[in-house]
Structures are given as C-alpha cells and as structure tokens.
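Colleague: Fold the following for me, if possible:
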Amino acid sequence: MTAVAVPSSVRTRLDEVRPNLAVARDYVKSKLSAELADFDPVVTQARVKSDESIYAKLQRGDQADLWQLDDLVAARVVFLHPEALAPALEVTSTQFPVLEARNVEVDKPTDFRYQQPHLITTLPADYLARHQELQELRVEIQFTTYVQHALQESTHDVIYKGRRFSWREHRLDARLRAILEIVDDVLENVATVAELGDDPPFPLFDNRNMLVETLRRRFGEDALPGDMRRLAITVETLVKEAKVSHEEFDALLEANDDLRSALSLTVADKVLGVLVRHNVDRFARPAKLKVAVPTELETLVPEALQIPPSRRVRLGEEPVVEEPVIEEPVIEEPVIEEPVTEE
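Modeller: Numbering: from 1, shown residues only. Model prediction:
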C-alpha cells in the first residue's frame, strides 16, 4: 500500500519524540516478558505507531494532543490458550497503572464476535521517575491467543485498512472470529474432547498402546519418561529388530529384573539390553537400524560388546566405514494366473 505523505513540520515533531517512544517500546516489551513469563507467552511484541498512522488518527480530531493517542506505543502478548488471558491481564494491571480496560466484560451469549481484551495504561511510576519525558504516554497492551493472533495478522490490513468498505469482508471477519472462539476452546481441552468417543480399531496405535501398558507394568510409572509415545516408537523399533512377539517381550522383561532395576540406564537402554541378551546376533549383523549403546550397558550386558561400530549411533566419533547391508529376503507367495480361455 502506498505510504501517505506526512507534512514535513509534523514529521519533524515526530522525529523529536520517536527516540523516546522507542525507549518506552523496549521497556514495555522487556517488562511484559519478565512479568508474564510464568504464563509461557508464545509471542511478546511491541511497536511504535508509524508517522502516517499517527497523523491520520490526529486528523480525525478525536484527540486534541499527540499524547492523548492510546497506542503511540502498543504491545501484544500472545498465549497458546484462552485460560492464560485473564490471569495475565490481572498481573499486568498490578504492574502498569490502568486508565481503561476494554473487551474484558463477558459478552452476551448471542454476540457474534470474538474480542481481544486489552488495557490502556501509563508507564509505572518508578520508571517515569527516571523518564519524565514520558509522563503523558499512554500504552495499549493487547492479550490474545495464537489462533486469534494469526487471524489478526492475516486480515487486519485487508479488513480495516482496505481501499473500500465491504459488508462481506467484515461479515467474513466476524464469522472467522466466531469459529476461532470454538477452535480455542477445543484446543484448550483437546484431550477431554478427544475422549468423547471410543477409538476405532487401528493396529498401529493398538500395538503401541500394548507396549506402553507393558512398560508401565514392568517398570512402574515413576521410572518412565513424560513422552511415552516417543518411547513406545523406539521400543517398537527394537522389538521388531529382535524378531520377538509382544508376549515374548513381556516375558523377557520379567526375566531380567537386574536390568529393569538398573539406575544408570534409561528405559530404552534397558529394553535394548534385554533384547541383546536374548539374541545379540540380531544387533550384530549388518542392518540399517543404528542403536545407542552407552558404556553402562556394556558393563551390565557384555554381549553388547559384539555390536559392531557400523550398527551404533555415533556421539561425535570419527565416521565408520559402513558394511554392506544385506536385506532379508521377502518370501512372496507365487502368483498363479488363470489361463485365458479363447472364446
């Protein structure tokens, strides 16, 4: 979009105050980042209003003075879920003197909109004591969610700064906001919403869930990592390489209590040790799969010493000349074609 010309006299005045506004912008961003860190904001951003926007807003005549503009400096704090907005707004209100709070009331259930709460504030008194030149500055601080932020960034210039008024564009913006309110609620409660129905049979996930339950039973919840899905995929890969059934794997875990109780190994290390004890040849032969073999595992499972360097994950060591991998033959059933009968 073409920039609007700003009279040189106005631009000169704005050039005088802009360095101070930049200092305030940096302070607001730093202050919000520190005060709201416990809420894990996805994005914390701040900006100084452009000369063109400042002059265009002043030309409307709603404000008698530059310092009466609400958003000479504006900040936006973006959170993953809506639940963080209210407590973040409350904490911010204790740090920045609030002149006005907007869009913080509960909307009527029939309102077809999705509003972003925001505060109009001044700077904290202790900061103003050191920066008298910013006494009259008003700062706008918005609080929003990730999906709402994406909508704002995608549609703002089209909907609110376009070249014409469009009922359809504003209607589409309102409909998108209504949809995103539902999306935010679902994302915030995704685990609960997903439990509303039963999972259909899905062999890949069903087999992995059986591994998860086996690991929970044999190792105990306290010994397991938070990311059980990643562990299940790793264990699944090792079990397939060892060519053991789920029942055999369960029995092997039960029979190797010394490894299950080892303190110096992860659960994945222990599973590898159990499988190597059972059949080290499966991990000693050339193959594409690489395994991580810590020294502690070699101490508890001497058979692991037979795993060649070409099968091991390297931790910064010199490259190893790979041995040729001979894939196991896949035996396919012969296809018997029916004879073609001439008519």
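Colleague: Need the CA coordinates for the helix or strand hosting Leu272. CSV is fine.
Modeller: Using DSSP states H and E, Leu272 sits in helix 267-278. Taking Å, rounded to 0.1, in the frame of the first residue of the first chain, the C-alpha atoms of helix 267-278 are listed here in CSV:
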residue,chain,number,x,y,z
VAL,A,267,14.1,-47.5,29.9
ALA,A,268,15.1,-47.7,26.2
ASP,A,269,18.6,-48.7,27.2
LYS,A,270,17.2,-51.4,29.4
VAL,A,271,14.9,-52.7,26.7
LEU,A,272,17.9,-52.9,24.3
GLY,A,273,19.9,-54.7,26.9
VAL,A,274,17.2,-57.3,27.4
LEU,A,275,16.8,-57.9,23.7
VAL,A,276,20.6,-58.1,23.2
ARG,A,277,20.9,-60.7,25.9
HIS,A,278,18.1,-62.7,24.2
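Colleague: Contacts for it, please.
Modeller: 215, 219, 223-225, 231, 234-235, 238-239, 241-242, 244, 249, 252-253, 256, 259-260, 262, 265, 282-283, 291-294, 296-297, 300-301, 303-304, 307 (Cβ atoms under 8 Å, 6 or more residues apart in numbering). Where you see a C-beta, it was placed from the backbone N, CA and C, and this is true even at glycine.
Colleague: any chance you could map the strands in this protein?
Modeller: 43-48, 73-79, 98-102, 118-121, 139-145 (DSSP state E).
Colleague: Now mean pLDDT and mean neighbour count too, for these, in a markdown table please.
Modeller: Shown next, in a markdown table, are the strands of the chain (pLDDT from 0 to 100; neighbours: other Cβ atoms under 10 Å):
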| stretch | mean pLDDT | mean neighbour count |
| --- | --- | --- |
| strand 43-48 | 96 | 18 |
| strand 73-79 | 95 | 24 |
| strand 98-102 | 94 | 13 |
| strand 118-121 | 95 | 22 |
| strand 139-145 | 94 | 24 |
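Colleague: Could you dump those strands into a markdown table and include distance to Arg25?
Modeller: Shown next, in a markdown table, are the strands of the chain (distance: least, Cβ to Cβ, whole Å):
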| stretch | distance to Arg25 |
| --- | --- |
| strand 43-48 | 5 |
| strand 73-79 | 5 |
| strand 98-102 | 18 |
| strand 118-121 | 14 |
| strand 139-145 | 9 |
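Colleague: Around Ala56, count how many other residues there are.
Modeller: By other Cβ atoms under 10 Å, 12 other residues sit near Ala56.
Colleague: picking that back up, now, of the contacts of helix 267-278, which are buried?
Modeller: Taking 16 or more other Cβ atoms under 10 Å as the criterion, what is buried in the contacts of helix 267-278 is 215, 219, 231, 234-235, 238-239, 241-242, 244, 249, 252-253, 256, 259-260, 262, 265, 282-283, 291, 293-294, 297, 300-301, 303-304, 307.
Colleague: Only C-alpha atoms, please: export stretch 57-73 in CSV.
Modeller: C-alpha atoms of stretch 57-73 as CSV (Å, rounded to 0.1, in the frame of the first residue of the first chain):
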residue,chain,number,x,y,z
LYS,A,57,-5.5,9.5,13.6
LEU,A,58,-4.8,13.1,14.7
GLN,A,59,-6.6,14.4,11.6
ARG,A,60,-9.8,12.8,12.7
GLY,A,61,-9.9,15.3,15.5
ASP,A,62,-10.9,12.9,18.3
GLN,A,63,-7.8,13.8,20.3
ALA,A,64,-6.5,17.4,21.0
ASP,A,65,-2.9,16.3,21.6
LEU,A,66,-0.4,13.8,20.4
TRP,A,67,-0.1,12.3,23.9
GLN,A,68,-3.8,11.5,24.0
LEU,A,69,-3.4,8.8,21.4
ASP,A,70,-4.0,5.4,23.2
ASP,A,71,-1.5,3.5,21.1
LEU,A,72,1.6,5.5,20.3
VAL,A,73,3.3,2.5,21.9
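Colleague: Can you tell me the closest non-neighbouring residue to Leu14?
Modeller: Leaving out its chain neighbours, the residue that sits closest to Leu14 by Cβ to Cβ, 6 or more residues apart in numbering is Asp51, at 5.1 Å.
Colleague: scratch that, Ser93 is what I was asking about
Modeller: Nearest residue to Ser93, sequence neighbours excluded (Cβ to Cβ, 6+ apart): Leu119, at 6.7 Å.
Colleague: Could I get the contacting residues of the one you found?
Modeller: Leu119 neighbours (Cβ under 8 Å, 6+ apart): Leu89, Thr92, Ser93, Phe96, Val98, Glu100, Ala101, Arg102, Glu140, Ile141.
Colleague: Now Ala242. Nearest residue, chain neighbours left out?
Modeller: The nearest residue in space to Ala242 (Cβ to Cβ, 6+ apart) is Leu275, at 4.1 Å.
Colleague: quick one: that neighbour from Asp222, how far?
Modeller: Distance, Leu275 to Asp222, using Cβ to Cβ, to the nearest Å: 23 Å.
Colleague: Looking at these two, which one has more neighbours?
Modeller: Leu275 (26 against 5).
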